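A.B. asks: okay, sequence plus prediction incoming.
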Amino acid sequence: MATDQRDTLWDKSFVTYNDCYFEEIVSERLVYRWGILDDVTKVLVALTASGSVISGWALWNTPEFKFIWIILAGIGAFLSIVHAVLNVQSKVKEWENLKKDFTSLRIKIETFRHLMEINPQFEMNEFLIQYEDHRNKFSDIMKRIGGDITRTSGFEEKTQNDLNLKLEDQTQRGE
């Protein structure tokens, strides 16, 4: 039984769409995670920095606040070290750029699939070239992804479950 190449292209383009959408969501969530660490570190470092030492001295002389100040200063110092060692700002920027690229590619693939729906008798050669271009772009973006300590198997599983719900919702709405 022969398979229509258009059906195969439709199925394969969905795999790329799904993979791209997954990585887009992963990138978005990692921007959020690293961004929180970046923001908290900046606030604590600013709070406990030399300009705030005078405030700290005032709190230091108050027994109730002495312990709080020690904890804040310790956490601020620890996070400052972690922030520098893990190069947090660079990670935020890398994941932001990846998210933008995955979003752009996802929308292109979505448009590609819409065009296949609009014209079911589309020109195969033209669409195969576009599909190959999308796959190459996806591959290029994936090559830029480095390891990330916060990208755990549980994180990926939750992300996939959330993506499945989004795709199911889109299907129910007829998108």
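C.D. replies: Alright, I've got the coordinates.

A.B. asks: tally of neighbours for residue 46?
C.D. replies: Residues lying near residue 46 (other Cβ atoms under 10 Å) number 11. Yep, even glycine has a C-beta here, placed from its N, CA and C like the rest.

A.B. asks: please determine how far it is located from residue 72.
C.D. replies: From residue 46 across to residue 72, the span is 11 Å (Cβ to Cβ, to the nearest Å).

A.B. asks: lowest average confidence, helix or strand, in the chain?
C.D. replies: Within the chain, no helix or strand scores below helix 53-60, which has a mean of 63 by mean pLDDT, DSSP states H and E.

A.B. asks: which parts of the chain are helices?
C.D. replies: Here the chain has its helices, by DSSP state H, at 5-48, 53-60, 63-86, 88-118, 124-143, 153-173.

A.B. asks: gap between the residue lying farthest from the centre of the chain and residue 69?
C.D. replies: Distance from the C-alpha centroid of the chain, by Cα atoms, centre = their mean, peaks at residue 61 (44.7 Å). Per Cβ to Cβ, residue 61 is found 10 Å from residue 69.

A.B. asks: so for stretch 9-21, what gets flagged as buried?
C.D. replies: 9, 13, 16-21 (16 or more other Cβ atoms under 10 Å).

A.B. asks: now swap in stretch 155-165 and tell me
C.D. replies: By neighbour count with 16+ other Cβ under 10 Å, stretch 155-165 contains the buried residues 159, 163.

A.B. asks: show the contacting residues for residue 106.
C.D. replies: 17, 20-21, 24 (Cβ atoms under 8 Å, 6 or more residues apart in numbering).

A.B. asks: excluding chain neighbours, what is closest to it?
C.D. replies: residue 20 (4.6 Å; Cβ to Cβ, 6 or more residues apart in numbering).

A.B. asks: out of the helices of the chain, which gets the lowest mean score?
C.D. replies: In terms of average pLDDT, helix 53-60 trails the rest of these, at a mean of 63.

A.B. asks: from what I can see the residue nearest to residue 106 touches residue 102, true?
C.D. replies: Yes - Residue 20 is in contact with residue 102 according to Cβ atoms under 8 Å; the separation is 5.6 Å.

A.B. asks: re the thing from before, for the residue farthest from the centre of the chain, what are its contacts?
C.D. replies: Per Cβ under 8 Å, 6+ apart, neighbours of residue 61: none.

A.B. asks: neighbours of residue 88, how many?
C.D. replies: By other Cβ under 10 Å, the residues close to residue 88 number 20.
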